[in-house]
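S.K.: here is the input, now give the coordinates:
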Amino acid sequence: VQLQASGGGLVQTGGSLRLSCAASGSISGMLSMAWYRQAPGKQRELVARITRGGSTNYADSVKGRFTISRDNAENTVYLQMNSLKPDDTAVYYCNAVRYTISSRIDYWGQGTQVTVSS
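M.R.: Below you'll find the model as predicted:
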């Protein structure tokens, strides 16, 4: 499965963006789909995750502002980002996880830049 992230850009503080992650194959079998981000000089961190069953969890810093959703029919995961802050500036990566009998497999997209100006 290949993941293609899109939707990043430059936005002012308080603005909104919607990121999309389109998968080349079915995501219905993925245990979870997630968005991570990495700011310059910082480690990659989990932003939001949605499981196959639809459960979600978010980083404390984005709770109430970001919403993750998935469309299994379109093999796409979205991240709606509202009330953006300069601290949200980062490269955002899409992630998918599935398990085989013997191992965990992670898939990563190429990243999309989000820049929030003050």
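S.K.: other SSEs contacting the strand ranked longest in the chain?
M.R.: The strand that spans the most residues within the chain, counting by DSSP state E, is strand 90-99. Counting contacts by 3 or more CB pairs under 8 Å, 6 or more residues apart in numbering; DSSP states H and E, strand 90-99 packs against strand 3-6, strand 17-23, strand 32-38, strand 104-108, strand 112-117. All C-beta atoms are positioned from the backbone trio N, CA, C, and that covers glycine.
S.K.: point to the residue nearest the middle of the chain.
M.R.: The centre of the chain sits closest to residue 35, judged by CA atoms, centre = their mean, with a distance of 2.2 Å.
S.K.: quick one: pLDDT of residue 77?
M.R.: With respect to pLDDT, residue 77 scores 96.
S.K.: which neighbours in the sheet does the host helix or strand of it have, and how are they oriented?
M.R.: Counting by DSSP states H and E, the element that carries residue 77 is strand 76-81. Based on DSSP bridges, the pairing partners of strand 76-81 within the sheet are strand 17-23 (antiparallel), strand 66-71 (antiparallel).
S.K.: show me what that strand is in contact with.
M.R.: Applying CB atoms under 8 Å, 6 or more residues apart in numbering, the contact partners of strand 76-81 are 16-23, 27, 33, 35, 47-48, 50, 62, 65-71, 88, 92, 94, 114.
S.K.: buried set for it?
M.R.: 76-79, 81 (16 or more other CB atoms under 10 Å).
S.K.: for stretch 27-41, same thing?
M.R.: Buried residues in stretch 27-41 (16+ other CB under 10 Å): 27, 30, 32-37.
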